[in-house]
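> show me how the following folds:
(chains A and B)
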Amino acid sequence: MRNKLNKLLRITCVLFLIAPTSIALADHVPTQTPYDISIACDSSNGNVTVTWQESDGFESSPPERYAIGFDVNENGTADAYAVANSTGWETALSYKSYVFSASYRESIFGNTQGTFNAKVRADNDTDASYSEWTSSVGVACDYGGTTTTSTTTTTTTIPPTTTTTTLPPKVEEVYVEPEPLPPPPEEIIVDIVVEGVDKTYTQADVNDGTIERDQERIDNELEFGCFMTNAQIERGDCIIIIEVYEEEDYEEEYDTEEKLFNDVDVVDEVEDEFIEEEFIELTEQEIEELEKQMEFEVKELELKEEVELFEFDSEEEAKKFIETFIEVEEFLEELEEVEVEEIIFEDIPKDIIIEIEDEIIEDELVEEVFTDESEAETEVQEQVVEEEVELTEEEVKIEVAELEEVIEEIIVLDIPKVTEEELEEYTEEELIEYEEAKEEAIEEFVEELETEEVVEILEEINDVGVENLAEVSQEVIEVVAQVVEEVITIAQEEVLTQEQTEVVAEVLGFTETEDVQIIAEAVKTDENVAQAVDEFVERAVEFAKNDSDQEFTLADATTEIAFESFVASPVSVIIDIDLDAINLSSIANDMTTDQKEKAQEVIVPTILVRIVSFAMRRFD
Amino acid sequence: MINKLWSWFIQAVKETLNLAWTLVGLIIATLTLTGQAQQITAIATLITLAIWLLTIGFRK
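Numbering: from 1, shown residues only, chains lettered A, B, ... in the order given. Okay, the predicted model is just below:
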């Protein structure tokens, strides 16, 4: 008896272990049937809401959308029509719903009477996986008919005054019986053989496009050997092998007409085969890519045979090496194609001005291949030939005239015009007074200029070149100096555009555009810099008069002013130090790149000389 | 005491003269710099020079 009980217990245990396994496996169907379907009627507006619960997510093909079948009948079926929602599976066990409005139902069934039945199915079109339909749920949700309104106007004529009085319109609600809509289409059943299986489709499948997709799959399987929809093919899920025939190969392979001109049947057969195989038209880009790939593979094979000296840590490195090799070869081929023209000079001009324009040689990119993977990075080197434009005297004159014209157009000074003869007759006091009045007028006018006008003048200065400003009149120089000062003030108050910043940077001799903002900030705290901005143009003009070949930048003006103030008061360098303002973490952030470079040129040799002298002393 | 101070002064002048080229370089560097960098270089130069001169005896 005990043994029997034990046996029964064991069998029960085994059954218990088997049963949950099968339940658990049921969860792992490709696409689970939605759970907990319900239907509700909103009597206030006649909307019918079908609600269902999403699966727990344990499925290999989660729903991409849900199909909702519906019908109105008392049988509880919902096979006549189907719609699909726009969202698929989102959150495990969350609820989704679909609303059938009264007007929609009326448009389909002619009225909202009867029991509205619905059922739901989860669809995954990508994997062609569809769940079972849920059981149907139904609800009676009659929302009445459509209401319309009409107005009646009564005109009463009252004799003998013959006055016509129009009474306010009387509004009456009139129920108009809606015209019966055509009867719903009967459920259709379509039988199509898919992959050798006779597949049956319902009206719902027709509505949601299942038939079309299955048809696409059949067609694509025949064409590409992939049982996939067009969308999947376009996405690249199917690996399509394209046979590309080189023109020469084709001629060799298919030019059988000559050899077999007597055998017409054979030639026709071969041509037909070719036409069948040429089913994909490649774009030019695709052909180029394929050609590149072929070239790469050929080169790879060649190099593997020829070059055994190179050892690469990874395939990527080897690939990069081959790519670079091909690029270099192409470049050399291009070089060979360049024709060198012989130019014979008959009359060599005395002054030869060489103009080299900005040129970025993009084709000559050099790729560095690092042996250490951690350091492996591609560096694109741009070879930029710096602009060196030297204006001829005539060009300078033209540019100066343009600058003066622009300044005359923009700047209108509110001071009486004085000729040179009149100025010569002025006493020293009168002359000083006139200069001050003029300076004040320029300052006032320039302050009121718009940013665009200021930048326009600066562009003209750039065209002339600061070094050529000596050619312009003193008045123009003063205006230009004031404009330069003004643009720095503008840079403090507003953000200049990139183009405007570049113009300002060029005038001040900066290589980096960020330096404009640095100077705008430095002017607030550093007196030397502020003075340098103020006097930059005058100093640049003076510098140019000395026939120096070097460029004069704002950094030079700053250094000059610093030296002058040091000579005037050496102690001020120590006294004027504000220790609180010093922040070691941003020690050189308030210096322009140009200034840093100039300081570096001085500090580094000084320290090096000191170190060398120490070393010499030790050895002595 | 006065003699000691006087001899130190003479030594300090000698040492400063030895450092003349370095000091010129540092002064020019200071003048070339702007902003905080200029101030720090000036302070560092002066403090180092002071320490250098005060430690003449110690270094010998």
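> so which bits of chain A are right by chain B?
A:522, A:525-526, A:528-529, A:558-559, A:562-563, A:566, A:573-574, A:577-578, A:581-584, A:586-588, A:590-591, A:595, A:598-599, A:602-603, A:605-607, A:609-610, A:613 (C-beta under 8 Å from any C-beta of the partner chain). Placement of C-beta: from N, CA and C, glycine included.
> so which of these belong to helices?
Among the residues of chain A next to chain B, DSSP state H puts A:522, A:525, A:528-529, A:558-559, A:562-563, A:566, A:573-574, A:595, A:598-599, A:602-603, A:605-607, A:609-610, A:613 in helices.
> mind checking pLDDT for whichever residue of chain B sits closest to chain A?
Residue nearest to chain A within chain B: B:Gly25 (2.9 Å; C-beta to the nearest C-beta). Looking at B:Gly25, its pLDDT reads 86.
> and the longest helix seen in chain B, is it in reach of chain A?
Determined from DSSP H, the single longest helix within chain B is helix B:35-54. Yes: for helix B:35-54, a contact with chain A is found by C-beta under 8 Å from any C-beta, at B:Gly35, B:Gln36, B:Ala37, B:Gln38, B:Gln39, B:Ile40, B:Thr41, B:Ala42, B:Ile43, B:Leu46.
> and these, which is closest to A:Ile457?
B:Gly35 (28.5 Å; C-beta to C-beta).
> please report phi then psi for the closest residue to the closest one other than its chain neighbours.
Counting by C-beta to C-beta, 6 or more residues apart in numbering or on different chains, A:Asp590 is the residue found nearest to B:Gly35 once chain neighbours are left out, at 3.8 Å. Taking degrees, to the nearest 10, you get phi -90, psi 20 for the backbone angles of A:Asp590.
> ok, the closest residue to A:Glu471 other than its chain neighbours - contacts?
Excluding the flanking residues, the one nearest A:Glu471 by C-beta to C-beta, 6+ apart is A:Val400, at 4.9 Å. By C-beta atoms under 8 Å, 6 or more residues apart in numbering or on different chains, the contact set of A:Val400 is A:Val464, A:Asn468, A:Glu471, A:Val472.
> gap between A:Val400 and chain B?
32 Å (C-beta to the nearest C-beta, to the nearest Å).
> just the element for that residue, please.
helix A:393-410 (DSSP states H and E).
> avg pLDDT for stretch A:473-488?
Mean predicted confidence for stretch A:473-488 is 83.
> alpha carbons of it, as PDB, please.
Listed next in PDB are the C-alpha coordinates belonging to stretch A:473-488 (Å, rounded to 0.1, in the frame of the first residue of the first chain):
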ATOM      1  CA  SER A 473      45.200 110.900 -45.100                       C
ATOM      2  CA  GLN A 474      45.700 111.600 -41.400                       C
ATOM      3  CA  GLU A 475      42.000 112.100 -41.000                       C
ATOM      4  CA  VAL A 476      41.200 108.700 -42.400                       C
ATOM      5  CA  ILE A 477      43.800 107.100 -40.100                       C
ATOM      6  CA  GLU A 478      42.100 108.700 -37.200                       C
ATOM      7  CA  VAL A 479      38.800 107.400 -38.300                       C
ATOM      8  CA  VAL A 480      40.200 103.900 -38.800                       C
ATOM      9  CA  ALA A 481      41.900 104.000 -35.400                       C
ATOM     10  CA  GLN A 482      38.600 104.900 -33.800                       C
ATOM     11  CA  VAL A 483      36.700 102.200 -35.800                       C
ATOM     12  CA  VAL A 484      39.200  99.600 -34.500                       C
ATOM     13  CA  GLU A 485      38.700 100.700 -30.900                       C
ATOM     14  CA  GLU A 486      34.900 100.800 -31.500                       C
ATOM     15  CA  VAL A 487      34.800  97.200 -32.800                       C
ATOM     16  CA  ILE A 488      36.500  95.900 -29.600                       C
END
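> how about residues contacting that stretch?
A:403-404, A:407, A:411, A:438-439, A:442-443, A:446-447, A:449, A:454-455, A:457-458, A:461, A:469, A:472, A:504, A:507-508, A:516, A:519-520, A:523, A:533-538, A:541.
> put the buried members of the ones in helices among the residues of chain A next to chain B into a PyMOL selection.
The PyMOL selection below is limited to those of these classed as buried (16 or more other C-beta atoms under 10 Å in any protein chain shown):
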select buried, chain A and resi 522+528+529+558+559+562+566+573+595+598+599+602+603+606
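> got a list of what the most centrally placed residue in chain B touches?
When chain B is reduced to its mean C-alpha position, the nearest residue by C-alpha atoms, centre = their mean turns out to be B:Leu49, at 2.4 Å. B:Leu49 makes contact with B:Thr16, B:Leu19, B:Leu23 under the criterion C-beta under 8 Å, 6+ apart.
> the last one and A:Phe563, how far apart?
In other words, B:Leu23. Between B:Leu23 and A:Phe563 the computed distance is 15 Å (C-beta to C-beta, to the nearest Å).
> likewise for A:Phe227?
From A:Phe227 to A:Phe563 the distance is 85 Å (C-beta to C-beta).
> swap in A:Glu527?
14 Å.
> give me the residue from chain A nearest chain B.
For chain A, C-beta to the nearest C-beta, closest residue to chain B: A:Thr606, 2.9 Å.
> pretty sure that residue is touching B:Thr30, no?
No: using C-beta atoms under 8 Å, A:Thr606 is not in contact with B:Thr30; the gap is 10.6 Å.
> quick one: the helices in the stretch 351-500 of chain A?
Along the stretch 351-500 of chain A, counting by DSSP state H, counting those that start in this stretch, helices occupy A:393-410, A:420-425, A:428-447, A:451-464, A:474-493, A:498-508.
> so which of these gets nearest A:Met294?
helix A:498-508 (43.9 Å).
> by how many degrees do the closest one and helix A:474-493 diverge?
Here the directions of helix A:498-508 and helix A:474-493 differ by 130 degrees (axes from the mean of the first three to the mean of the last three C-alpha atoms, to 10 degrees).
> can you give me the buried ones in helix A:498-508?
Here helix A:498-508 shows A:Gln500, A:Thr501, A:Glu502, A:Val503, A:Val504, A:Ala505, A:Glu506, A:Val507, A:Leu508 as buried, counting by 16+ other C-beta under 10 Å.
> need the per-residue pLDDT for A:Thr49.
pLDDT, A:Thr49: 91.
> any idea how far A:Tyr81 is from it?
17 Å.
> for these two, work out which one has more neighbours and name it.
A:Tyr81 (20 against 16; other C-beta atoms under 10 Å in any protein chain shown).
> residue boundaries of the strands in chain A?
Secondary structure of chain A (DSSP state E): strands at A:35-42, A:47-53, A:65-72, A:81-84, A:95-100, A:115-124, A:129-130, A:137-140, A:147-152, A:155-158, A:163-166, A:170-175, A:190-194, A:197-201.
> what is the neighbour count of the residue nearest to A:Lys524 when sequence neighbours are not counted?
Distances taken as C-beta to C-beta, 6+ apart put A:Gln492 closest to A:Lys524, at 7.1 Å, once the chain neighbours are dropped. For A:Gln492, the neighbour count with other C-beta under 10 Å is 13.
> list the contacts of the nearest residue to A:Val418 once chain neighbours are set aside.
Excluding the flanking residues, the one nearest A:Val418 by C-beta to C-beta, 6+ apart is A:Tyr434, at 6.7 Å. Residues in contact with A:Tyr434, defined by C-beta under 8 Å, 6+ apart, are A:Val418, A:Leu423, A:Tyr426.
> I'd say the second one and A:Glu435 touch.
Yep, that's A:Leu423 we're talking about. No: A:Leu423 is beyond contact range of A:Glu435, at 9.9 Å (criterion: C-beta under 8 Å).
> tell me, what's touching the two both at once?
If you check A:Leu423 and A:Glu435 against C-beta under 8 Å, 6+ apart, no residue is contacted by both.
> is A:Ala67 in a bridge, and if so with what?
A:Ala84, A:Arg121 (DSSP bridges).
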